[in-house]
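Novice: My questions concern the predicted model and sequence given below.
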Amino acid sequence: MLNDFLILMKPELGVTLIIFLLLFIKIGKGMGNDMLLSIIQVLLLLNCIAAFFYNKNGSLFNGMYHTSFVIGFQKAILNLAVYLISLLCSGWLKQTKHLAEFFILMLSALLGMFFMISSGNLLMFYLSLELSTIPVAALANFDLEKRISSEAAMKMILSSAFSSGILLFGISIMYGATGTISFTEMAGHLDGNPLQILAFVFLFTGFAFKLSIVPFHLWTADVYEGAPIAVTSFLSVVSKGSVAFIFILALYNPFKFFYERWYDMLVIVGIATMVIGNLFALRQQNIKRFLAFSSIAQVGFILVGISSNSSTGMAAVVFFVLVYIFSNLAAFGVAAAISSQTGKETINDYKGLITTNPFLGWVLALALFSLAGIPPTAGFFGKLFLLSAGAMHGYYWFIIIAALNMIVSLYYYLRVVRAVFMDKNEHPIEKITIDRGARLGLLICSAGIVLVGMVSWIYDYIVSLTN
């Protein structure tokens, strides 16, 4: 029994152990940021490696917590993302006065995301969602001396409170309509009556807020711009990835009965999300706002894969999130290196970057090519699998519109590449000294962008986990 507990909750126990170690370090004799960050990165690396091995199917606490091979893999890639963030933003992290507190908050949010993915009932899901949201609001305000950071935290709190209220209202109605909060039992009590449909719409809306699905996306760009880049990176890949995972698990299992209804909803909001995200990305100058609207458009493609309602769709979404982690974190890693040393965050500042910082210029170009879905990067294969999964339903107009949006996205991604490689700048960004951790993180992300798509067994392995 104890062995099952330790294996099933290995990801959560690993994160909890790191949090307690950081608390003891903070309470005890202090140490320099360089040493502390090195210790944290080693612990995160060990936890990341451990998460990929010895996973199994099972449940605990009378079904409140459950896990499987695919859920274990989902948690592992989220662990990988947090480790990469600790590397890519090491320059900024070494300068912060509250390094231990930063990682305590970030890992607390990650712990909530792990419990959310493994939730077996609506109450567990809601509590986990709050645990994953409240620390992120504090992280958004981590640049205490900057007013824009405080504004980002306030907008994050208000939007989260509003979406949580809607979600909790939907949970209450669903419990009243079915008489249970268990995901397993709920599926047998759904009959499509109006009260259940109303509850499902509220639940769907709560998910839409957390995923920044149009029209519930208005908080995203402001929070991304105001928060430190390390926090923006976490919001962009880890938070979005975890909500996408629980969203697809919820739609495919307890709410599969409503498939015909939620498919139509996905088509409508998916098209709106891709179109609005692309149109707003076209006119952005701040690199963080640019990547914010880019991430909104990417969520639209995730919805295409989810719409298939099949194991193929599940595999495509998990694979795409893995690719998206490497691609988006590479772009944010370049932005973090430049911002921490120069304070520059606009696309015009990046003009002529290739002349003074060729390594950063090439990594940024590779990341943007992958986000645009240009072969042979992994982003091309990720979007190909999503579109292929979405086409299984036979609604080809949805796929055609998604493909057209890929063409539109080429313009604004290549606009940044043109600024880096072709545009002249009388005062380009000076030569930047890249921290060893950040350089390692950029190299790992670049290798992931190139290799994940070309090494076919990775996608085959994910498919085998979902079947």
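Specialist: Perfect, I can see it now. Numbers count the residues shown, from 1 in each chain.

Novice: Could you verify my assumption that residue 452 touches residue 323?
Specialist: Yes. Using C-beta atoms under 8 Å, residue 452 is in contact with residue 323, at 5.7 Å. In short, each C-beta sits where N, CA and C put it, glycine included.

Novice: ok, the two, which is more surrounded?
Specialist: Between residue 452 and residue 323, counted using other C-beta atoms under 10 Å, the more crowded position is residue 323 (27 against 22).

Novice: what do residue 452 and residue 323 both touch?
Specialist: Taking C-beta atoms under 8 Å, 6 or more residues apart in numbering as the contact rule, residue 452 and residue 323 both touch 378, 381.

Novice: Can you get me the start-to-end distance on stretch 417-436?
Specialist: Counting by C-alpha to C-alpha, to the nearest Å, you get 25 Å between the two ends of stretch 417-436.

Novice: Please point out which parts of the strand or helix carrying residue 319 sit buried.
Specialist: Here residue 319 sits within helix 311-342, counting by DSSP states H and E. Buried residues in helix 311-342, counted by 16 or more other C-beta atoms under 10 Å: 311-341.

Novice: Could you double-check that residue 95 sits in contact with residue 341?
Specialist: No. Applying C-beta under 8 Å as the test, residue 95 and residue 341 come out as separate, 10.1 Å apart.

Novice: Common neighbours of the two, please.
Specialist: Counting by C-beta under 8 Å, 6+ apart, nothing touches both residue 95 and residue 341.

Novice: Could you list the low-pLDDT ranges of the protein?
Specialist: 1-3, 29-30, 394 (pLDDT under 70).

Novice: Please list all residues in contact with residue 58.
Specialist: Residue 58 sits next to 4, 7-8, 66-67 when contact means C-beta under 8 Å, 6+ apart.

Novice: Which two of those residues have the greatest separation?
Specialist: Using C-beta to C-beta, the pair of the contacts of residue 58 lying farthest apart is 7 and 66, separated by 13.3 Å.

Novice: Tell me which of these two has more neighbours.
Specialist: Between residue 7 and residue 66, residue 66 has the larger neighbour count (other C-beta under 10 Å), namely 21 against 15.

Novice: where's the residue lying closest to that one once chain neighbours are set aside, which helix or strand?
Specialist: In space, and not counting its chain neighbours, residue 66 is closest to residue 59: 3.9 Å by C-beta to C-beta, 6 or more residues apart in numbering. Assigned by DSSP H and E, residue 59 falls within strand 58-60.

Novice: Then residue 414?
Specialist: Secondary structure assignment for residue 414, by DSSP H and E: helix 396-421.

Novice: Flag every buried residue along the next helix or strand after that helix.
Specialist: The helix or strand immediately downstream of helix 396-421 is helix 436-454, counting by DSSP H and E. Going by neighbour count (16+ other C-beta under 10 Å), the buried part of helix 436-454 is 437-442, 444-446, 448-450, 452-453.

Novice: And the helix or strand just after helix 436-454, what does it pack against?
Specialist: Counting by DSSP H and E, the next helix or strand C-terminal to helix 436-454 is helix 456-466. In terms of contacts (3 or more C-beta pairs under 8 Å, 6 or more residues apart in numbering; DSSP states H and E), helix 456-466 is packed against helix 69-88, helix 311-342.
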